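In: got a predicted structure here, sequence first:
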Amino acid sequence: MRRLLPPPAAELDDAALVDAYRLPPGRSLRMDFVASPDGSIAVDGRSAGLGSPGDKRVFRVLRALADVVLVGAGTAGAEGYRPVAPDSPVGLLRTSIGRPAGLPIAVVSRSASLDPGSALAAEPSTLVVTCAAADAGRRAALSAAGATVLVCGDDDVDLPAAVAALAERGLEQVTCEGGPQLLRAALGAGVVDELDLTIAPALVGSAQRLLPGDLPAPVGLELRQVLEEDGVLFTRYRVTGGEEELP
Ligand SMILES: NC(=O)c1ccc[n+]([C@@H]2O[C@H](COP(=O)([O-])OP(=O)(O)OC[C@H]3O[C@@H](n4cnc5c(N)ncnc54)[C@H](OP(=O)(O)O)[C@@H]3O)[C@@H](O)[C@H]2O)c1
């Protein structure tokens, strides 16, 4: 992996890669996505088709640096999300940089649709971020399974309230792993500080795109960093504005 921007160009070892993604202390929400240059985010319904060894490393680094992973229920289901085990590559990387091995996963679901019988629901550190309109029985079943249910909003998940609720639990640095519906809502709610976008060297033409619909207004991005490995670009953008409620 080598850094192209900011100068000077340099080869990055594992420790330098972690440093390249470190954040200052305090609240932040970064979005982690892999896409093709045509904006496709999945091949046959999974992101793995766009993946690469470098993307896996960056994914692990972002998880290692995070206090919590935020993910939409659609992605958690499609990608088979499971709790982060202490002896997994992410858990081991976390301990190697002085962080607790455990990493909570917070699933955003308007309808509290996470399967109460899943390993994710049974993991005590799992959070389900939902709203008051979600079926009370489903919410109770998820609590009984072991997860913590956070009710943020009435008819829909209020994402600023959700991010504040996570911060109140000491989960200030959020890595959001999508998917597209959650990205669009989070941009519309103005809670995204950073986009970490891996650009895979392939054209896919998938209907599954980074954004599933228009934003109310373009959201400005400031390019902060570009890394490269085997033709894969790893970009780091700061989100500079464009908050407006979605229709
Ligand atoms: N290339 C990549 O980096 C990448 C990253 C992530 C995902 N993906 C792909 O994207 C696909 C999934 O797309 P998706 O758009 O369905 O994913 P998603 O945004 O993860 O999931 C949509 C679901 O999440 C919940 N949700 C999302 N935003 C919400 C909000 N603001 N308020 C309340 N609930 C919200 C809802 O769940 P309920 O229906 O339970 O209410 C909604 O139906 C998969 O194929 C996955 O592989 C690719």
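Out: Nice, thanks for sending it over.
In: can you name the next helix or strand after the biggest helix by length in the chain?
Out: The longest helix of the chain (DSSP state H) is helix 53-65. Where DSSP states H and E defines the elements, the next helix or strand beyond helix 53-65 is strand 68-72.
In: so what secondary structure elements neighbour that following strand?
Out: Judged by 3 or more C-beta pairs under 8 Å, 6 or more residues apart in numbering; DSSP states H and E, strand 68-72 is in contact with strand 105-108, helix 159-168, strand 173-176, helix 180-189. Backbone N, C-alpha and C define where each C-beta goes, glycine included.
In: nearest to the ligand, out of those?
Out: helix 180-189 (3.2 Å; C-beta to the nearest ligand atom).
In: now the closest one: how far from the chain's centre is it?
Out: How far helix 180-189 lies from its chain's middle: 11 Å, per C-alpha atoms, centre = their mean, to the nearest Å.
In: adjust the sequence numbering to begin at 56 for everything that follows.
Out: Shifting the count to begin at 56 puts that one at helix 235-244.
In: other SSEs contacting it?
Out: When contacts are defined as 3+ C-beta pairs under 8 Å, 6+ apart, helix 235-244 sits against strand 83-90, strand 123-127, helix 214-223, strand 228-231.
In: what mean pLDDT does that helix have?
Out: Per-residue pLDDT over helix 235-244 has a mean of 97.
In: select, out of the helices and strands packed on strand 123-127, the one closest to Leu250.
Out: For these, the distance to Leu250 is smallest for helix 235-244, at 8.6 Å, taking C-beta to C-beta.
In: what angle do that closest one and strand 83-90 make?
Out: With axes from the mean of the first three to the mean of the last three C-alpha atoms, to 10 degrees applied, the angle from helix 235-244 to strand 83-90 works out at 140 degrees.
In: what residues sit buried inside helix 235-244?
Out: Within helix 235-244, the residues scored as buried using 16 or more other C-beta atoms under 10 Å are 235-244.
In: now, which of those residues sits nearest Met56?
Out: With C-beta to C-beta as the yardstick, the closest approach to Met56 among these comes from Leu238, at 24.8 Å.
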